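Trainee: using only what follows, build the 3D model:
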Amino acid sequence: MNTVFIIAEAGVNHNGDLGTALKLVDVAASADADAVKFQTFKAEKLASGFALKAKYQRKSTNSDGSQRDMLKSLELDYHAHKELIAYCNEKGILFLSTPFDLDSVSLLHKLGLHIFKIPSGEITNLPYLRKIGNLKKNVIMSTGMADLGEIEDALDTLIEAGTPRNNIKILHCNTEYPTPYEDVNLHAMLTIRDAFKVDVGYSDHTPGIDIPIAAVALGASVIEKHFTLDKNMEGPDHKASLEPRELANMVKAIRNVEKALGSGIKKVSPSEANNKTIGRKSIVASKDIKKGEIFTRHNITAKRPGNGLSPMEWYRVIGRMATRNFSQDEIITI
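Mentor: Residues are numbered from 1 along each chain as shown. Now for the predicted structure:
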């Protein structure tokens, strides 16, 4: 059985504070997520001084200030990355971080990351895609705001730059925080899978845990979900994130669904094998039958338990002669 790769997305919910980032690692590890993911960027490389905040960012930060100023307060430096990687290793959870500019790609490569996550906003950034493709690592690419043609262009760029198709997983995504349920369009994940013959997953920005669980039921092999220490903290993503208990509940529910999906082979499970005798029926005498009488629908019937002849043998019994006496409810033998 394949295991769903669960990414606990810390993102920038550390608010630029390493101590908070380390606490987020603790939460992700306690929830048994496979990886905890941060974001790596230099504000001046990511956004111009003219870049505006998204509507949800203005609302969640109660400020119309520049996007660059907001991002500057959320940066983690090289030493913070080193400390986070060491702490993740200590806690037994994989460290991931999404690079948002070319220098950050180089930084994460230097730090030895084996999986590179491409955010939705970079799916049309040709130099960025080529640089990651050239690394020939495993790639997880989000596709918020993109149509099928843009996904194909990005995928082709990664492959032409050297990354094998089998190393690439594509996540369906909607970048609105929180995403309205009617805009999720989970079936688009299957469209991506069928169109490009790649493993697919889902990066979720809806409230709660229902939609990522549904995505796993549909076939997602990767789930990414934002989490925070407290939804009431100041910052752009906290309100659309899960709190620690919710994250743990999501991981547990996904693991349960994963087990429940099974192999697809219809067979008797070990847990229900003992119920066959109790729940099924046998052919029995519906009244006393004397030796030499003919079995007919008037003197046999089907009743529990199922430890005798199956009712599927009904017409093999009808018309046969009783070779001994049978009491009412006694299992018929021929």
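Trainee: three-state assignment of the closest residue in space to L129 that isn't next to it in sequence?
Mentor: In space, and not counting its chain neighbours, L129 is closest to T157: 4.4 Å by Cβ to Cβ, 6 or more residues apart in numbering. Yep, even glycine has a C-beta here, placed from its N, CA and C like the rest. On the three-state scheme (DSSP: H, G, I helix; E, B strand; the rest coil), T157 is labelled helix.
Trainee: then V36?
Mentor: With three-state DSSP as the basis, V36 sits in strand.
Trainee: just name whatever secondary elements the helix or strand hosting K252 is in contact with.
Mentor: Here K252, judged by DSSP states H and E, is contained in helix 244-261. Using 3 or more Cβ pairs under 8 Å, 6 or more residues apart in numbering; DSSP states H and E as the contact criterion, the elements in contact with helix 244-261 are strand 5-11, helix 18-30, helix 210-218, strand 222-226.
Trainee: what is the orientation angle of the last one with helix 210-218?
Mentor: For the pair strand 222-226 and helix 210-218, the angle between their directions (axes from the mean of the first three to the mean of the last three Cα atoms, to 10 degrees) equals 180 degrees.
Trainee: how about residues contacting strand 222-226?
Mentor: Residues outside strand 222-226 that contact it (Cβ atoms under 8 Å, 6 or more residues apart in numbering): 4-11, 13, 37, 140, 142, 169, 171, 199-205, 209, 212, 215-216, 237, 240-242, 247, 250, 254.
Trainee: do the same with the longest one
Mentor: Here helix 18-30 makes contact (Cβ under 8 Å, 6+ apart) with 8, 10, 13-14, 35-36, 38, 76, 80, 83-84, 87-88, 91-93, 227-229, 244, 247-248.
Trainee: surely L74 touches D17?
Mentor: No - counting by Cβ atoms under 8 Å, D17 is not a contact partner of L74; they are 9.6 Å apart.
Trainee: endpoints of stretch 311-321, how far apart?
Mentor: Its first and final residues considered, stretch 311-321 spans 17 Å by Cα to Cα, to the nearest Å.
Trainee: quick one on the thing from earlier: what's the angle from the helix holding K252 to helix 210-218?
Mentor: If you take the same axes, to 10 degrees, helix 244-261 sits at 20 degrees to helix 210-218.
Trainee: to N185, which of the helices and strands packed on helix 244-261 lies closest?
Mentor: Closest to N185 of the helices and strands packed on helix 244-261 is helix 210-218 (Cβ to Cβ; 10.7 Å).
Trainee: list the buried residues of that closest one.
Mentor: Buried residues in helix 210-218, defined by neighbour count with 16 or more other Cβ atoms under 10 Å: 211-216.
Trainee: kindly report the same for stretch 121-131.
Mentor: 121-123, 125, 128-129, 131.
Trainee: out of those residues, which one sits closest to R304?
Mentor: Nearest to R304 among the buried residues of stretch 121-131: I123, at 60.3 Å, using Cβ to Cβ.
Trainee: what does the worst-scoring helix or strand of the chain on mean pLDDT rub up against?
Mentor: Within the chain, confidence by mean pLDDT, DSSP states H and E is lowest for helix 55-61 among all helices and strands, at a mean of 71. For helix 55-61, contacts defined as Cβ under 8 Å, 6+ apart pick out 53, 64, 67, 70, 176-177, 234-240.
Trainee: reformat these as a markdown table; add secondary structure, distance to I278 and pLDDT.
Mentor: Shown next, in a markdown table, are the contacts of helix 55-61 (DSSP: H, G, I helix; E, B strand; the rest coil; distance: Cβ to Cβ, whole Å; pLDDT from 0 to 100):
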| residue | secondary structure | distance to I278 | pLDDT |
| --- | --- | --- | --- |
| K53 | coil | 64 | 74 |
| D64 | coil | 69 | 67 |
| Q67 | helix | 65 | 83 |
| M70 | helix | 64 | 84 |
| E176 | coil | 52 | 93 |
| Y177 | coil | 52 | 89 |
| E234 | coil | 60 | 89 |
| G235 | coil | 57 | 87 |
| P236 | coil | 58 | 86 |
| D237 | coil | 53 | 88 |
| H238 | helix | 53 | 92 |
| K239 | helix | 52 | 89 |
| A240 | helix | 49 | 88 |
